[in-house]
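J.: I need the structure of the sequence given here:
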Amino acid sequence: MVNVLSATPGIKTIAAGGTYSARFDAFQGPNTVSQLQQLRADIALLSSSALVDTVAYHQEEQNVAAKRAMLASATRAYLLVDPNKFGRTALHVMADVTEFTGLIVSEAPPAQTAAAMKKAGNSIIVAEQAS
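T.: Purely as a prediction, here's the structure:
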């Protein structure tokens, strides 16, 4: 995603360093979390490995720490969830969906998730998949 965003005019892309994980194509670890805590982002786009009811999960503890730090540092944060992740769980709780400004999905989320977002006044954006 960094490559796509950095090529977009008008968007300043910053990547926090740390230990690089090829598996997740992301930086993680204490250095990453520390750097993220020093930033203030206009918008954060965060993905999740699993979504059950209103809780987003991830299987990697270090990724969760970085994602929570970014969530706390952003003015607006959007959770990106592939429909294949609905109803699945993973080891670590990342956040409740209501902590996000919005949810970005390619198809409508489960009813309980949608109801929680609506009650919190947060948006659900159904994005078209690129062909």
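J.: where do the strands sit along this structure?
T.: 19-21, 26-28, 41-47, 50-52, 55-58, 74-80, 92-96, 102-105, 123-126 (DSSP state E).
J.: Let me see the confidence value for Ala116.
T.: For Ala116, the pLDDT comes out at 90.
J.: Could you do Ala72 as well?
T.: Here the pLDDT value assigned to Ala72 is 96.
J.: contacting residues for the closest residue to it other than its chain neighbours?
T.: Distances taken as C-beta to C-beta, 6 or more residues apart in numbering put Gln37 closest to Ala72, at 7.6 Å, once the chain neighbours are dropped. Where C-beta positions appear, they are placed from N, C-alpha and C, glycine not excepted. Taking C-beta atoms under 8 Å, 6 or more residues apart in numbering as the criterion, Gln37 is in contact with 69, 72-73.
J.: Who does Leu51 form a beta bridge with?
T.: Leu51 forms beta bridges with Ala56, Phe86, as assigned by DSSP bridges.
J.: since we're on it, how many residues are nearby?
T.: 26 (other C-beta atoms under 10 Å).
J.: That'll do, ta.
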